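> Model the following, please.
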Amino acid sequence: MKVFTILLLILFFSSSNAWSSSEYEKLEKRIRVLEKTKTKSNASSTATGLSNRFNPALSVNGLLLGTFNDQGNYDSSKEVRTGLKIQELEIRMAAYVDTYLRADITLAFEGTTDFEVEEAIAEALLSKNLSFRAGKFLTAFGKHNQLHTHAYPFIDLPVVNEEILGEEGLNEIGVGASYLLPTNWFSEITFQALEGANTNQFNGRAGSDFAYLIRQNNLWDLSEETTMELGGSYVSGKNNLDPTSTFDNKTQLVGADLTFKWKPSGREAYKTWIWQTEFIGSFREQTQEGWYTSLQHQFAKEWWVQGRYSGYSIPNGVNKEDKNQWSALLAWVPSEFSAIRLQYNHLNQKTADENQVLLQLNFTLGSHPAHKY
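Here you go, the predicted model:
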């Protein structure tokens, strides 16, 4: 900006023949000094001399959990029993690799020992409507499956997600493309080809037993304060059931989700209502199905109260089962980087019913890029 101003002055005074040659020389010298200063300010401050502008955004998310359960506390394999633990530590790195490619890597530690690469994604925007991704990622099946643990609306998974998809969800290595349809509302269709390694539903015997996913998602602005989101998902792939059975060793997953959000104009930071419901069905030799519905209400700037019902069943066969869970949650959220949440669960199941109390501290360090909610 200073160089531009000096150049304007030169043009102005040269037109009026007001300056001598010595004054011009002084100005030229000043311009050269400013140009050198600008070059130095743009140079890297790293020891290697490489630019630090492409360093990834780095963040750490921590989940500390205390639980109480009135049943099964002597069973070491039980997921929810009385005690204290580190629920998860998540390290995330995200950056643009170059003009065309963006990378996002998430490393997760469950407890203090178990480590996994939760996501490792390379993405490219091929056109204004078409995007591509490859790597390991939470697939676009349904609504809840796409969330990282710290972004769950409640402390734990809905029963239906845990029973059908497992604790890790439908998290696969694969490739995919999303296309934004040319409609008057947001409408996106996604196709993904997946390794099919989910042990609950796929895990086919051959290395070529891939799974294929398609999802269609729509979002409408019903008013300035209300939005509605409607999505449908379908996945098909081979499983590892007995190949001599009368079934063709094929699993078909079907999902449907509906979400309404309301935020009053001018008070978006103080009031919110979110109602969300989702159905998941697995159709193979053993049919599994279930759904959840939840209501979240932000009644003050830092306070949320929430309720959820989740049901799951195996309607037929020797493994017939029926379980459901009622949950209530109170959360204090002083900022987007921290939250303290208290949750009560009542679990009805074939064995003894359970009453659970969960207390969670959720915090984030560093620059955490935006993700799905």
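> Which secondary structure state is assigned to residue 164?
Of the three states, residue 164 takes helix under DSSP: H, G, I helix; E, B strand; the rest coil.
> Tell me who's in contact with it.
Taking C-beta atoms under 8 Å, 6 or more residues apart in numbering as the criterion, residue 164 is in contact with 200, 201, 253, 280, 282, 288, 290, 312. All C-beta atoms are positioned from the backbone trio N, CA, C, and that covers glycine.
> With residue 249 instead?
204, 238, 239, 240, 241, 243.
> how close does it sit to residue 213?
18 Å (C-beta to C-beta, to the nearest Å).
> From the recorded domain assignment, give the ranges for the protein.
Taking automatic domain parsing as the reference, the chain has its domains at 2-42, 59-366.
> Residue 302 contacts residue 333, correct?
Yes: if you go by C-beta atoms under 8 Å, residue 302 and residue 333 touch, sitting 5.6 Å apart.
> quick one, which of these two is more surrounded?
A count of neighbours by other C-beta atoms under 10 Å puts residue 333 above the other of residue 302 and residue 333, at 17 against 13.
> Return the closest of the contacts of residue 164 with respect to residue 73.
residue 312 (23.1 Å; C-beta to C-beta).
> The helix or strand where the closest one lies pairs with which strands, parallel or anti?
Using DSSP states H and E, residue 312 falls within strand 303-314. Neighbouring strands of strand 303-314 in its sheet, by DSSP bridges, are strand 288-300 (antiparallel), strand 321-335 (antiparallel).
> Out of the ones you listed, the one nearest residue 96 is which?
strand 321-335 (26.8 Å).
> The helix or strand just after that closest one vs strand 321-335, what angle?
Sequence order places strand 338-348 as the next helix or strand after strand 321-335, per DSSP H and E. Between strand 338-348 and strand 321-335, the angle comes out at 160 degrees (axes from the mean of the first three to the mean of the last three C-alpha atoms, to 10 degrees).
> Tell me which other helices or strands the next helix or strand after strand 338-348 touches.
Remark: after strand 338-348, the chain's next helix or strand is strand 354-366, criterion DSSP H and E. If you count contacts as 3 or more C-beta pairs under 8 Å, 6 or more residues apart in numbering; DSSP states H and E, strand 354-366 packs onto strand 57-69, strand 338-348.
> Show the buried residues in the contacts of residue 249.
204, 238, 239, 241 (16 or more other C-beta atoms under 10 Å).
> of all the residues you listed, which comes closest to residue 226?
residue 239 (40.8 Å).
> hey, what's the residue lying closest to residue 353 once chain neighbours are set aside bridged with?
Nearest non-adjacent residue to residue 353, counting by C-beta to C-beta, 6 or more residues apart in numbering: residue 347, 6.4 Å away. Following DSSP bridges, residue 347 is listed with bridge partners residue 325, residue 354.
> Quick one: residues in contact with the helix or strand harbouring residue 280.
Remark: residue 280 resides in strand 272-283, with elements defined by DSSP H and E. The contact list for strand 272-283 (C-beta under 8 Å, 6+ apart) reads 142-144, 153, 158, 160-161, 164-165, 201, 251-263, 287-298.
> report the angle between the axes of that strand and strand 288-300?
170 degrees.
> going forward can the numbers begin at 58, since that is how I track them
Yes, from this point I'll number from 58; that puts the last item at strand 329-340.
> Give me the buried positions along strand 329-340.
Those would be 329, 330, 331, 333, 334, 335, 336, 337, 338, 339, for strand 329-340 by 16+ other C-beta under 10 Å.
> and if you look at stretch 254-272?
For stretch 254-272, by 16+ other C-beta under 10 Å, it's 254-255, 257-261, 266-268, 270-272.
> Ok, stretch 173-181 next?
Buried-residue list, stretch 173-181, by 16+ other C-beta under 10 Å: 175, 176, 177, 178, 180, 181.
> Right, I'll call it a day here.
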